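# Structure for the following, please:
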Amino acid sequence: MPQELTTALKTAKDIEKQLVVAENRLAYIQEETKRLTTTRDSIQEEINKKSADYDVYIGKRDADSKKIRQDALDEQSQLLKDKTEFQTMLQAFQKERQVYMESKQGFENEKKKNELDRTNIREFIIAVQRACSVIGL
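Residues are numbered from 1 along each chain as shown. The predicted model follows:
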């Protein structure tokens, strides 16, 4: 029996050592779990914060993009309006220019006619003067 008692005590001591090792492992694992949980929570908070910041940034960029797009559309419509107005003015100018060119051409024709009349009158005067000098007047 003493040998059985020794074996039992030895087994009890081995079990106690294994229990202490297991308790130490459990404590270490609990501490590591707590540390990793804290780290995970802080990383999740940072992810949530960055996601919220990103959503705000994207919202702002989207609003800016829509404003720029609307400004471009407004400017395009204003340019089309200005273009139409300019084309109307250009057509009016072209009509005025055409009238002016016709008037100028009429003036040039009248001027040529007057020059021709002057030349004819001069030639008539010269012819009359020659006739008078031939007749002796």
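
# Which parts of the chain are helices?
Under the criterion DSSP state H, the chain contains helices at 2-135.

# Kindly state the pLDDT recorded for residue 131?
Confidence at residue 131, expressed as pLDDT, is 89.

# Can you tell me the number of residues neighbouring it?
Applying other Cβ atoms under 10 Å, we find 10 residues neighbouring residue 131. Backbone N, C-alpha and C define where each C-beta goes, glycine included.

# what separates it from residue 119, distance-wise?
As for residue 131, its distance to residue 119 is 18 Å (criterion: Cβ to Cβ, to the nearest Å).

# next one: residue 96
If you go by Cβ to Cβ, the gap between residue 96 and residue 119 works out to 34 Å.

# do the same with residue 76
From residue 76 across to residue 119, the span is 62 Å (Cβ to Cβ).

# can you check residue 101 too?
In terms of Cβ to Cβ, residue 101 sits 27 Å off from residue 119.
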